[in-house]
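please find the sequence and the predicted model below.
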Amino acid sequence: MASFGDFNRVNTNVTALSAQLSLNKINSELGDSRLKLSTGKRINSAEDNSAGYAIATKFNSRVKGLEQALQNVSDAKSVLDIIESSYNSIMDNLIEMKRLGLQAANDIVSRSERTLIAQQIHGHGTNINDIANSTHFNGIALNPTSESTLTFQIGEGNSDTKSITLRQVDIFGLFGGADTQLGGTQDHIEIDDDRVQLSHIDDDNDDRGEIAYHMIGGIQVKADGGDFKVYSGKVSEAIDKLNEYLNEVGINQRSLSSKEENLTQAINANSAAHSRIMDTDFAKEQSNSIRLQILQQTATAALSQANMGPQSVLGFLGQ
């Protein structure tokens, strides 16, 4: 602020310096206001608000972690969808295998007809193994030859994980190990891991197992109606086992859906908190910008007048 007598000095224009200082401050504030309007951010660097900047950075980090966790949950649900689809296809084959077994258990069916039915049952068993072999996600076998576990990171915390058990759903997994009897006490129907004994069918070794039938002269199956009754019961047990696996998949899907909802809510809440700290209130900032522009014009006018002030000293010189 200029003091008495400052207007009588020419070498240093104190009034102009004060007006210039005020104009510089206004220009700086106006530049900050325009930056906020152009970026949409109230805090553009730690200099603006160091505490707010640090808090907002933590919120942003949390949001990014939650968003990735949400993507991981989506991937897990995709895996379960593929598993469920394969289980449903295998279930269709099991149901048809049971129907064929009950058909062959009827005493009016001849041995040659049971042989044809046995070939159909063997074909459905092959289908089950083919489905198990082809069930993959990103190169990961989802129907492995032995049970394994997939662990998904479904939260930003290290311990916030979800483990899914990958079941062995093939002939071995559903019916039992090698040499498991599926028929009566005569070993006419069994699980084999070597090669099938049906006529004119000679498959390579199958590490997922095959339904094998003992033959009469390599032409007709030895299994009778009683064998196929026992076999139908074994298929029912396999269906019950697969239903348990499907129920497990459904429980995991519901758990992931609930987690997906929780993550979405958490993302919204943290994004809102981050926005309240970092984002510009455009209505308020626009009003502030207009105020600063008016002050800029008045300060410029004041500086212009202050620069003209020393001319009044000429009156002392008789000019």
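Done, it's in.

which residues in this protein form strands?
Secondary structure of the chain by DSSP state E: the strands cover 136-137, 140-141, 148-153, 161-166, 189-192, 210-213, 215-216, 220-221.

where does the stretch 201-319 of the chain dip in pLDDT?
201-206, 309-319 (pLDDT under 70).

could you check how many residues crowd around the nearest residue to residue 55 once chain neighbours are set aside?
Once flanking residues are discounted, residue 55 sits nearest to residue 277: 6.0 Å by Cβ to Cβ, 6 or more residues apart in numbering. Heads up, the C-betas are built off the backbone N, CA and C, glycines and all. Neighbourhood size, residue 277 [other Cβ atoms under 10 Å]: 19.

list the beta-bridge partners for the nearest residue to residue 212 once chain neighbours are set aside.
In space, and not counting its chain neighbours, residue 212 is closest to residue 192: 3.6 Å by Cβ to Cβ, 6+ apart. As for beta bridges, residue 192 partners with residue 210 under DSSP bridges.

deepest in the core, which of the strands of the chain is it.
strand 210-213 (a mean of 25; mean count of other Cβ atoms under 10 Å).

and it, what does it pack onto?
helix 111-134, helix 171-175, strand 189-192 (3 or more Cβ pairs under 8 Å, 6 or more residues apart in numbering; DSSP states H and E).

which residues does the shortest one contact?
Contacting residues not belonging to strand 189-192 are listed as 171-172, 175-183, 209-214, 223, 227-228, 230-231 [Cβ atoms under 8 Å, 6 or more residues apart in numbering].

how about the second one?
By Cβ under 8 Å, 6+ apart, the surrounding residues in contact with helix 171-175 are 90, 94, 125, 128-129, 145, 167, 178, 182, 191, 193, 206, 208-211, 234, 238, 241-242.

buried ones among the residues you listed?
90, 94, 125, 128-129, 167, 182, 191, 193, 206, 208-211, 234, 238, 241-242 (16 or more other Cβ atoms under 10 Å).

any idea what the closest residue to residue 75 other than its chain neighbours is bridged to?
In space, and not counting its chain neighbours, residue 75 is closest to residue 152: 7.0 Å by Cβ to Cβ, 6+ apart. Beta-bridge partners of residue 152, counted by DSSP bridges, are residue 162.

if we can go back for a sec, for the residue nearest to residue 212, give its distance to residue 132.
Distance, residue 192 to residue 132, using Cβ to Cβ, to the nearest Å: 17 Å.

ok, now residue 74?
With distances taken as Cβ to Cβ, residue 74 is found 25 Å from residue 132.

more neighbours: which of these two?
Per other Cβ under 10 Å, whichever of residue 74 and residue 132 has more neighbours is residue 132, with 25 against 13.

look at the more buried one and report its pLDDT.
For residue 132, the pLDDT comes out at 95.

now do the residue nearest to residue 212 against residue 122, distance only.
For residue 192, the distance to residue 122 - Cβ to Cβ - is 10 Å.

quickly list what's touching both of the two.
Here residue 192 and residue 122 have 210-212 as joint contacts, going by Cβ under 8 Å, 6+ apart.

same list (those) but as JSON lines, adding distance to residue 308.
Putting the shared contacts of residue 192 and residue 122 into JSON lines (distance: Cβ to Cβ, whole Å) gives the following:
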{"residue": "210", "distance to residue 308": "107"}
{"residue": "211", "distance to residue 308": "108"}
{"residue": "212", "distance to residue 308": "112"}
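
closest to residue 61 among these?
Comparing the shared contacts of residue 192 and residue 122 against residue 61 with Cβ to Cβ places residue 210 closest, at 54.0 Å.

what about the closest one, distance to residue 172?
Counting by Cβ to Cβ, the separation of residue 210 from residue 172 is 10 Å.

what residues are shared contacts of these two?
Contacts common to residue 210 and residue 172, judged by Cβ under 8 Å, 6+ apart, are 191, 193.

so which of the strands of the chain comes closest to residue 283?
Across those, closest to residue 283 is strand 148-153 (Cβ to Cβ), at 41.0 Å.

distance check, the residue nearest to residue 212 against residue 262.
Distance, residue 192 to residue 262, using Cβ to Cβ: 49 Å.
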